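>>> Predicted structure and sequence below. I'll ask about it afterward.
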Amino acid sequence: MGLRTWIEGWPAYRQMTSRDPLGRGAAAKSQRSRELPVRTASAERTVKSVCPYCAVGCGQQVYVSDGRVTQIEGDPDSPVSRGRLCPKGAASKQLVTAPTRQTKVRYRRPHATEWEDLDLDRAMDMIADRVIETRRRTWQDTDENGMVLRRTLGFASLGGATLDNEENYLMKKLYTALGAVEIENQARI
């Protein structure tokens, strides 16, 4: 490799000698990066989605190939994020493709040392039974002065950062209907 070839391969030289003085376009590209295939080129289809992390609602384009998510990028058509994603949103592909992702209902009985797999219907029934029993046992219709309360302090809701606006809204409605008082989500804490 000659000196001239080496200098022309230097991004700062290309930046100073081209029509790209800020180095945001062709001046920033190396020969290697020009030859790399586009990560989304092999996708069979693109699905529009919303980032699941916070309540901002950034638009995402999910690239799918053979029924599997291959890439997730910001949606340039989104009026919220205009194609940009924060670091968590940019890494959201890991939510669905991580090899350590749990895809079964896991349950550890009281005082047990091992986890066991449960059928989803059985797990949902167990949760519903416990919610109904806790609500029945801890329901407060009135206080000692006869003031109407109609509430329970037996359970609470804490929404997480992976819930979107719609899920947090539905959680709020559900727990309010059940009579819970302590209803929060991670964005407010």
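In hand now; what should we look at?

>>> isn't residue 63 right next to residue 49, touching?
No - using C-beta atoms under 8 Å, residue 63 is not in contact with residue 49, being 10.7 Å away. For glycine as for every other residue, the C-beta is placed from the backbone atoms N, C-alpha and C.

>>> what about the longest helix along the chain, distance to the chain center?
Counting residues, the longest helix found in the chain (DSSP state H) is helix 120-138. Centroid separation for helix 120-138 versus its chain: 27 Å, with C-alpha atoms, centre = their mean, to the nearest Å.

>>> likewise stretch 33-42?
Centroid displacement of stretch 33-42 relative to its chain, using C-alpha atoms, centre = their mean, is 26 Å.

>>> So which residues lie in contact with it, not counting its own?
46, 63, 65, 70-71, 73 (C-beta atoms under 8 Å, 6 or more residues apart in numbering).

>>> and those residues as CSV, adding neighbour count, pLDDT and secondary structure?
What follows is these, written out as CSV (neighbours: other C-beta atoms under 10 Å; pLDDT from 0 to 100; DSSP: H, G, I helix; E, B strand; the rest coil):
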residue, neighbour count, pLDDT, secondary structure
46, 14, 91, strand
63, 21, 91, strand
65, 14, 89, strand
70, 16, 88, strand
71, 17, 89, strand
73, 19, 91, strand
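
>>> Can you tell me which of those is closest to residue 142?
residue 73 (55.1 Å; C-beta to C-beta).

>>> what separates the closest one from residue 152, distance-wise?
44 Å (C-beta to C-beta, to the nearest Å).

>>> same check, this time on residue 87
Taking C-beta to C-beta, one finds residue 87 at 39 Å from residue 152.

>>> quick one: secondary structure of the one residue sitting closest to the centre of the chain?
Among the residues of the chain, the one closest to the centroid is residue 52, at 3.0 Å (C-alpha atoms, centre = their mean). Here residue 52 is recorded as coil under DSSP: H, G, I helix; E, B strand; the rest coil.
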